[in-house]
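Enquirer: sequence first, then the predicted structure:
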Amino acid sequence: MTSTTGHVITVEPGTQHVRVVRDGQLLAESRRPLVLRETGCPVRYYLPPEDVRTELLTASDTHTHCPFKGDASYWSLPGAADLVWAYPDPKPEVAAIKDHFCFYDTETVSG
């Protein structure tokens, strides 16, 4: 956990069944996400690269900086720019998310 003036981030192993589907195509499916909770943000699931169909993604030129997590790189699909991101060199406080992929739209599946 990291905390800076009221801003808190936690990363913990999850047991949720997370699926990412776009236009009927399965992009990722994992039962071992990392669950990232951050003050003021929705819960995000960071998925191991083995659970993501990376062959469908194209690296983007987009990069962003988060003062709490570090610099993110993005990937796109045709018609869906910057759909997914990852932190190749995250800050030490969130090192567990290194190279895990996070999608804007995910669904959790019960059962």
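Expert: Cool, got the structure.
Enquirer: which residue ranges form the strands in this protein?
Expert: Under the criterion DSSP state E, strands of the chain are mapped to 2-4, 7-13, 17-22, 25-30, 34-38, 44-47, 58-66, 70-77, 80-86, 101-103, 107-109.
Enquirer: kindly reformat these as TSV and extend each row with mean pLDDT, mean neighbour count and distance to residue 95.
Expert: C-betas here are computed from N, CA, C, even on glycine. Below are those laid out as TSV (pLDDT from 0 to 100; neighbours: other Cβ atoms under 10 Å; distance: least, Cβ to Cβ, whole Å):
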stretch	mean pLDDT	mean neighbour count	distance to residue 95
strand 2-4	55	13	10
strand 7-13	94	15	9
strand 17-22	93	18	21
strand 25-30	94	18	19
strand 34-38	96	18	11
strand 44-47	96	22	12
strand 58-66	96	12	14
strand 70-77	96	18	10
strand 80-86	95	18	13
strand 101-103	96	23	15
strand 107-109	70	11	24
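Enquirer: distance to residue 94 for those - can I get that in CSV?
Expert: Shown next, in CSV, are the strands of the chain (distance: least, Cβ to Cβ, whole Å):
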stretch, distance to residue 94
strand 2-4, 7
strand 7-13, 6
strand 17-22, 18
strand 25-30, 18
strand 34-38, 7
strand 44-47, 9
strand 58-66, 9
strand 70-77, 8
strand 80-86, 12
strand 101-103, 12
strand 107-109, 21
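Enquirer: so which of those comes closest to residue 93?
Expert: Among the strands of the chain, the nearest to residue 93 by Cβ to Cβ is strand 2-4 (3.5 Å).
Enquirer: now do the same for the residue lying closest to residue 79 once chain neighbours are set aside: its pLDDT.
Expert: Closest residue to residue 79 apart from its sequence neighbours, by Cβ to Cβ, 6 or more residues apart in numbering: residue 23 at 7.9 Å. Listed pLDDT for residue 23 reads 88.
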